[in-house]
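>>> need a structure here:
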Amino acid sequence: MDEQITIRLNGMRFQGAYGYYPEEQRLQQEWIVDVAVHFHAIHALRSLHDTFDYELMYRSVKQLMEQPAVLMETRAQEIADMLYDQLQHVAHIEVVITKPCPLLGGEVESSQVHISRTYAEK
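A predicted model of the protein is given here:
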């Protein structure tokens with residue numbers, strides 16, 4: 001049986017000065033991060049050691065999101081890399097970074113970067 005467990009943290013909100021253009025880098029903007037980690041349940045889950053600590057996941061994402069970045073695509077890749085390094089039995093990671101009300105010269109609700117990675121079993 002190939003069973004997968006998914007852990008999600010949705011709507012993590014951070015403030016940061018990100019962007020390619022100098023005016024974006026001077027503004028504190030809101031960023032919303034959603035993360036889904038799918039892993040192989042190769043044994044019974046009885047403790048945090050068998051799964052992944054939500055608090056650790058949040059702190060790790062927060063630490064990266066508090067650092068300046070030019071491209072959110074790069075930050076999404078860095079989050080996926082960091083989570084992969086911390087996890088055991090990871091099968092798939094998804095990271096979505098949403099920028100509410102991007103400065104595009106018109107009315108736009110949000111822009112998003114979505115990275116989705118599938119890994120071979122470790």
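
>>> every contact and neighbour count from this point should use C-alpha atoms.
Noted.

>>> how far does the least confident helix or strand in the chain by mean pLDDT sit from the chain's center?
Least confident helix or strand of the chain, by mean pLDDT, DSSP states H and E, is helix 22-26 with a mean of 73. Mean-position distance between helix 22-26 and its chain equals 23 Å (C-alpha atoms, centre = their mean, to the nearest Å).

>>> next structured bit after it?
strand 29-40 (DSSP states H and E).

>>> which strands and helices sit next to that following strand?
strand 4-16, strand 90-100 (3 or more C-alpha pairs under 8 Å, 6 or more residues apart in numbering; DSSP states H and E).

>>> now the residue nearest the centre of the chain: how far from residue 52?
Centroid-nearest residue in the chain: residue 95, 3.9 Å away (criterion: C-alpha atoms, centre = their mean). The spacing between residue 95 and residue 52, counted by C-alpha to C-alpha, to the nearest Å, is 16 Å.

>>> repeat for residue 101
33 Å.

>>> what is the end-to-end distance of stretch 33-52?
Distance between the two ends of stretch 33-52: 18 Å, counting by C-alpha to C-alpha.

>>> quick one: mean pLDDT for it?
Averaged over stretch 33-52, pLDDT sits at 74.

>>> flag the shaky bits of this protein, pLDDT-wise.
The chain contains residues with pLDDT under 70 at 1-2, 24, 42-51, 88, 121-122.

>>> could you rerun that using 90?
1-7, 15-30, 38-57, 66-72, 85-91, 101-105, 119-122 (pLDDT under 90).

>>> still on that earlier bit, of all the helices and strands packed on strand 29-40, which lies closest to residue 109?
strand 90-100 (6.0 Å; C-alpha to C-alpha).

>>> how far does the closest one sit from its chain's centre?
Counting by C-alpha atoms, centre = their mean, strand 90-100 comes out at 4 Å from the chain centroid.

>>> for the helix or strand just after it, which residues meet the burial criterion?
Going down the chain from strand 90-100, the next helix or strand is strand 110-118, by DSSP H and E. By 16 or more other C-alpha atoms under 10 Å, the buried positions in strand 110-118 come out as 112, 113, 114, 115.
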